[in-house]
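**Student:** got a structure for you, letters missing:
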Ligand code: EPZ
């Protein structure tokens, strides 16, 4: 996916089925290393980040099989201690999970670099602090980090400076085979962290307190291969619901867990959007205009940072949005790169530190460039809601998190072509 061309201004309505969560699949796929056996994954999204993770696992010795059923079997028994090339690991942020998994399984982990969207610095100091508290020795080399625990890891109290999703997940993986009890304080409570904990517990780990800010892990001697169905992707679901709001609806997303979408659905209700929830579906309708409000992102159950660009795009749409709104980004230091592109469409946005104030305006179709995964999704929403033909280049960034994007949007009535 290099370029997306949209003929916008059309009403979108219909139903799409949401895929498995990228942000659950990545820690689970790398976490499977600590089983040393075969695991079978269903509902695994074939987005480029997940395919890259499978490539990294294969390099390290795992055997990957795509089964007729659509499930994916990963045989971790062949994985050996080693360092995957930076050319592979630097493509995705999820590579950081190799550290906890390889350290727990082999007493040694080395990572040349992890990628992910560019929101400014994305340090892993909290991950490293946790490994050190568990008895590992961390060496920051010129182009890589080397972590060694020749005598194995022991349990520890790990007070995170912030509820980091990555650090919580990485340390849960490492602690699952450590000697004794680990307590991760100020832990993240995102649904994909809970999904990882469920996977590890099914494999024999002893983890409690997930979903609270204090996760306890009692290390065990051995973990076992399991089957796992990846939870629905709440950010993919939220993005398509935003498309329904931007372009009228009704749009229904199926195969979702409505409880994971509560922060977004509460926001829609405050905006005056009609929301209906079923057991595994959510439907939005915005035939009338909707209100702009003030949205502040934060760790779950606050409004998710991964939907911040999308909701901001909704507030920009002068043909639908009323009043003025704002998005305040409290999770990442700089996650507003997409706003420059929205301004090129005519969006009226002023940024003060972590807050973007938005005044709806009639947007113009433009040639745009996606800055990152969710920023690109926001540009796509704006293009779908704006009369005329827009193009979005650097669209591979969007392909990292949205499987079958063209087919799903066409099913809702969009005139879109992906090149
Ligand atoms: C995960 O990133 C997700 N990525 C991100 O989704 C998501 O935005 C983020 O969690 C927050 O929910 C994956 O799961 C692959 P963090 P992660 O550690 O783990 C700071 C998407 O669009 N921090 O919770 O990197 C950090 O800089 C992507 O799908 C430290 O300072 O996020 C950030 O400001 C984008 N030191 C904040 O904490 C650390 O050691 C939250 O980061 C770790 C984090």
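**Tutor:** Arrived safely, thanks for sending. Owing to the predicted nature of the structure, the values given are computational and were not obtained by experimental measurement. Residues are numbered from 1 along each chain as shown.
**Student:** How many neighbouring residues does the closest residue to residue 239 other than its chain neighbours have?
**Tutor:** In this structure, residue 239 finds its nearest non-sequential neighbour in residue 377, 5.1 Å apart by Cβ to Cβ, 6 or more residues apart in numbering. Bear in mind the C-beta positions are built from the backbone N, C-alpha and C, glycine included. As a burial measure, residue 377 scores 30 neighbours (other Cβ atoms under 10 Å).
**Student:** So residue 216, which state does it fall into?
**Tutor:** strand (DSSP: H, G, I helix; E, B strand; the rest coil).
**Student:** Tell me how far it lies from residue 300.
**Tutor:** 19 Å (Cβ to Cβ, to the nearest Å).
**Student:** which of these two has more neighbours?
**Tutor:** residue 300 (20 against 17).
**Student:** for that one, what are its contacts?
**Tutor:** 188, 189, 190, 191, 263 (Cβ atoms under 8 Å, 6 or more residues apart in numbering).
**Student:** I'd assumed the residue nearest to residue 239 was in a strand, is it?
**Tutor:** No - going by three-state DSSP, the assignment for residue 377 is helix, not a strand.
**Student:** which ones are touching it?
**Tutor:** 239, 309, 310, 398, 401, 402.
**Student:** Give me the neighbour count for the first one.
**Tutor:** As a burial measure, the neighbour count of residue 239 was computed by other Cβ under 10 Å and equals 26.
**Student:** Next: the second one.
**Tutor:** For residue 309, the count of nearby residues is 30 (other Cβ under 10 Å).
**Student:** and the gap between it and residue 413?
**Tutor:** 23 Å.
**Student:** ok, now the fifth one?
**Tutor:** Computed with Cβ to Cβ, the distance linking residue 401 and residue 413 is 22 Å.
**Student:** The two: who's more crowded?
**Tutor:** residue 401 (27 against 16).
**Student:** Give me every residue in the protein lying close to the ligand.
**Tutor:** Counting by Cβ under 6 Å from any ligand atom, the residues of the chain close to the ligand are 23, 26, 93-94, 117, 122-127, 162, 164-167, 188, 190, 305-306, 331-332, 373-374, 401.
**Student:** For the closest residue to the ligand within the stretch 51-200 of the chain, which non-adjacent residue is spatially closest?
**Tutor:** Residue of the stretch 51-200 of the chain nearest the ligand, by Cβ to the nearest ligand atom: residue 166 (2.6 Å). The shortest distance from residue 166 to any residue other than its chain neighbours is 5.6 Å, reached at residue 96 (Cβ to Cβ, 6+ apart).
**Student:** show me what contacts the nearest residue to residue 186 once chain neighbours are set aside?
**Tutor:** The shortest distance from residue 186 to any non-neighbouring residue, by Cβ to Cβ, 6+ apart, is to residue 160 (4.2 Å). Taking Cβ under 8 Å, 6+ apart, we find residue 160 in contact with 126, 130, 167, 168, 184, 185, 186, 187.
**Student:** In a helix, the third one, correct?
**Tutor:** Okay, so that is residue 167. Yes - assigned with three-state DSSP, residue 167 falls within a helix.
**Student:** what about it, distance to residue 53?
**Tutor:** For residue 167 relative to residue 53 (Cβ to Cβ), the value is 18 Å.
**Student:** can you check residue 4 too?
**Tutor:** Taking Cβ to Cβ as the criterion, residue 4 is separated from residue 53 by 24 Å.
**Student:** Likewise for residue 68?
**Tutor:** In terms of Cβ to Cβ, residue 68 sits 22 Å off from residue 53.
**Student:** for residue 181, same thing?
**Tutor:** With Cβ to Cβ as the criterion, residue 181 and residue 53 are 29 Å apart.
**Student:** can you check residue 100 too?
**Tutor:** Taken as Cβ to Cβ, the span from residue 100 to residue 53 is 14 Å.
**Student:** Mind checking which of those two has more residues around it?
**Tutor:** residue 100 (32 against 28).
**Student:** Name all residues that make contact with that one.
**Tutor:** So residue 100 contacts 30, 31, 109, 127, 131, 169, 170, 171, 172, 173, 174 (Cβ under 8 Å, 6+ apart).
**Student:** Which element is encountered next along the chain beyond the host helix or strand of it?
**Tutor:** When elements are assigned from DSSP states H and E, residue 100 belongs to helix 97-106. Next along the chain after helix 97-106, taking DSSP H and E as the criterion, comes strand 108-111.
**Student:** what packs against the worst-scoring helix or strand of the chain on mean pLDDT?
**Tutor:** Of all helical and strand segments in the chain, the minimum by mean pLDDT, DSSP states H and E falls on helix 86-89, at a mean of 88. Helices and strands touching helix 86-89, by 3 or more Cβ pairs under 8 Å, 6 or more residues apart in numbering; DSSP states H and E, are helix 48-59.
**Student:** Could you pull up the mean pLDDT of the helix it packs on?
**Tutor:** Averaged over helix 48-59, pLDDT sits at 96.
**Student:** Give me the angle between the host helix or strand of residue 380 and helix 48-59.
**Tutor:** Counting by DSSP H and E, the element that carries residue 380 is helix 373-384. Using axes from the mean of the first three to the mean of the last three Cα atoms, to 10 degrees, the inter-axis angle of helix 373-384 relative to helix 48-59 is 150 degrees.
**Student:** so what does whichever helix or strand comes after helix 373-384 touch, helix or strand wise?
**Tutor:** Helices and strands here follow DSSP H and E; after helix 373-384, the next one along the chain is strand 388-393. With contacts defined as 3+ Cβ pairs under 8 Å, 6+ apart, strand 388-393 has these neighbours: strand 3-8, strand 367-369, helix 373-384.
**Student:** Show me what the shortest one is in contact with.
**Tutor:** For strand 367-369, the surrounding residues in contact (Cβ under 8 Å, 6+ apart) are 341, 344, 345, 379, 383, 390, 391, 392, 393, 394.
**Student:** what's the closest non-adjacent residue to the first one?
**Tutor:** In other words, residue 341. That would be residue 368: by Cβ to Cβ, 6+ apart, it lies 4.7 Å from residue 341.
**Student:** what's the answer for the fourth one, then?
**Tutor:** Take residue 379 and drop its neighbours on the chain: the residue closest to it by Cβ to Cβ, 6+ apart is residue 368, 4.9 Å away.
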